[in-house]
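Engineer: Fold the following and give me the result.
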Amino acid sequence: MSRPIDLRSDTVTLPTPGMLDAMVHAELGDDVLGDDPTVIALEARCAELVGKDAALFVPSGTMANLIAIEVSTRRGDEVLLHDEAHPFHYETAGAAGLAGVQLRRLPGPRGVMDPDDVRAAVRADAPHYPRTALLCVEDTHNGGGGKVQPLDNTDALCEAAQQLGLARHLDGARLLNASVASGIGAARRAQGFDTVSFCFSKGLGAPAGSVVCGDAARMQRARRMRKMLGGAMRQTGILAAAALYALDHHVERLADDHRRTAEIARGLQTAGFELQPPDTNIVVVEVGAASQFVADLATHGVRCFPVSATAARLVVHLGITDDDVPRVIDAFTAVRESAR
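Structural biologist: Numbers count the residues shown, from 1 in each chain. The predicted structure is shown next:
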């Protein structure tokens, strides 16, 4: 029997042999005491990669976003973000419960907000209202099907926010997907933001870990917040080594994920499925009764998630091969035909 094809997320990847070897041979210290050399090297590299003063290695993207929100706000503030933003839907209301801020959602096609909507959403300076303190942008946008944020619009969003006195955070969980797909470096894509986070456990294929980057003062506060949240670990160099290996070996190959995603999308369109052509490694497909369709797909060896009553999401990653592409298309076609 053929192995299952797991398209639920790019978080399902397993460490490659080279990554495992790097983890086993990592030089270690105690990161809580500040002397794990592999973590120190990773944080310096990440700060340079996105053009910021400093970086902090954390266990997850959820923690990275929460810390980034906390270091640019105070309790009772309001944060502006897209209607489908990850911190609103998938981070268990941590911004409200732990950072003490209110999230205000703005519209926009596939995760792309309008700078005029940001300007209109900023509250007047009056005791009746929360203080609008922060704008969050997500690149690529998960809820938008892996949409790469148009750089000119991102620049306009940051300019508007800065003029209005708002801090800016880039939720770059898949920032390197955006960089590879657009041909625009991560530092340029993060240029207008005070903080930026990105994940190693998604397209880069590491088993865990994310990083939040910013100016020195924010990162000093971020380190204290990580400790408060229980995210300060000890011999973290084992995970940092996986992240460094990913930066060395798994960035350029993201283009292969994007190519395979596009091939799957074209094949599904040819087979009569409706979808938005993908920018990166995520494609959302209209399938009808999504929960049942996804359950039936699993019997054909393809796993994915429903993301609405009528749509399924496929996420391509380093565990997917060229040979898997026609198998995915054939499975979709077979499920549809059996339902007729």
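Engineer: now stretch 152-159: how far from the chain's centre is it?
Structural biologist: Averaging C-alpha positions (Cα atoms, centre = their mean, to the nearest Å) puts stretch 152-159 19 Å from its chain's average.
Engineer: Please export the alpha-carbon coordinates of it; CSV is fine.
Structural biologist: Taking Å, rounded to 0.1, in the frame of the first residue of the first chain, the C-alpha atoms of stretch 152-159 are listed here in CSV:
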residue,chain,number,x,y,z
ASP,A,152,3.6,48.2,-2.0
ASN,A,153,0.5,47.7,0.1
THR,A,154,2.5,46.6,3.1
ASP,A,155,4.7,49.7,2.8
ALA,A,156,1.5,51.8,2.7
LEU,A,157,0.1,50.0,5.7
CYS,A,158,3.2,50.6,7.7
GLU,A,159,3.5,54.2,6.7
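Engineer: Which positions within that stretch qualify as buried?
Structural biologist: Using 16 or more other Cβ atoms under 10 Å as the test for burial, stretch 152-159 gives 154, 156-158. C-beta coordinates here come from the backbone N, C-alpha and C atoms, glycine included.
Engineer: any chance of these in TSV, plus pLDDT?
Structural biologist: Shown next, in TSV, are the buried residues of stretch 152-159 (pLDDT from 0 to 100):
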residue	pLDDT
154	98
156	98
157	98
158	98
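Engineer: What average pLDDT does the longest strand seen in the chain get?
Structural biologist: Ranked by residue count, the top strand of the chain under DSSP state E comes out as strand 132-138. Strand 132-138 comes out with an average pLDDT of 98.
Engineer: ok, and what's touching the helix or strand just after that strand?
Structural biologist: Using DSSP states H and E, the next helix or strand after strand 132-138 towards the C-terminus is helix 151-163. Residues outside helix 151-163 that contact it (Cβ atoms under 8 Å, 6 or more residues apart in numbering): 112-113, 115, 118-119, 135, 137, 139, 167-168, 182, 184, 188-189, 191-193.
Engineer: can you do 10 Å?
Structural biologist: Contact with helix 151-163 is made by 80, 108, 112-119, 122, 132, 134-137, 139, 148-150, 166-168, 170, 178, 182, 184, 188-194, as judged by Cβ atoms under 10 Å, 6 or more residues apart in numbering.
Engineer: returning to that earlier point: export the buried residues of stretch 152-159 as CSV, with columns for distance to residue 219.
Structural biologist: CSV is the format used below for the buried residues of stretch 152-159 (distance: Cβ to Cβ, whole Å):
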residue, distance to residue 219
154, 22
156, 27
157, 23
158, 19
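Engineer: between those, which is nearest residue 326?
Structural biologist: For the buried residues of stretch 152-159, the residue nearest residue 326 by Cβ to Cβ is residue 154; the value is 36.2 Å.
Engineer: tell me the contacts of residue 279?
Structural biologist: 110, 140-141, 144-149, 177-178, 181-182, 258, 261-262.
Engineer: Pick out the most distant pair among those.
Structural biologist: 149 and 262 (18.8 Å).
Engineer: Give me the more crowded residue out of the two.
Structural biologist: residue 149 (26 against 18; other Cβ atoms under 10 Å).
Engineer: Please give me every residue in contact with the residue nearest to the more buried one when sequence neighbours are not counted.
Structural biologist: Leaving aside its chain neighbours, residue 149 sits nearest to residue 139 (4.1 Å; criterion: Cβ to Cβ, 6 or more residues apart in numbering). The contact partners of residue 139, taken as Cβ under 10 Å, 6+ apart, are 111-112, 147-151, 154, 170-175, 177-179, 182, 186, 189-190, 193, 196, 198.
Engineer: run the last query once more with 7 Å
Structural biologist: 148-149, 170, 172, 175, 178, 189 (Cβ atoms under 7 Å, 6 or more residues apart in numbering).
Engineer: Can you give me the domain assignment for the chain?
Structural biologist: Domain assignment for the chain by automatic domain parsing gives 17-249, 253-338.
Engineer: do you know which of these lies nearest residue 3?
Structural biologist: domain 253-338 (7.6 Å).
Engineer: Report the buried residues of the longest helix anywhere in the chain.
Structural biologist: Longest helix in the chain by number of residues (criterion: DSSP state H): helix 254-270. Within helix 254-270, the residues scored as buried using 16+ other Cβ under 10 Å are 254, 256-258, 260-265, 267-268.
Engineer: Include distance to residue 10 when you put these into JSON lines, please.
Structural biologist: JSON lines is the format used below for the buried residues of helix 254-270 (distance: Cβ to Cβ, whole Å):
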{"residue": "254", "distance to residue 10": "10"}
{"residue": "256", "distance to residue 10": "12"}
{"residue": "257", "distance to residue 10": "8"}
{"residue": "258", "distance to residue 10": "12"}
{"residue": "260", "distance to residue 10": "12"}
{"residue": "261", "distance to residue 10": "10"}
{"residue": "262", "distance to residue 10": "16"}
{"residue": "263", "distance to residue 10": "17"}
{"residue": "264", "distance to residue 10": "14"}
{"residue": "265", "distance to residue 10": "16"}
{"residue": "267", "distance to residue 10": "20"}
{"residue": "268", "distance to residue 10": "19"}
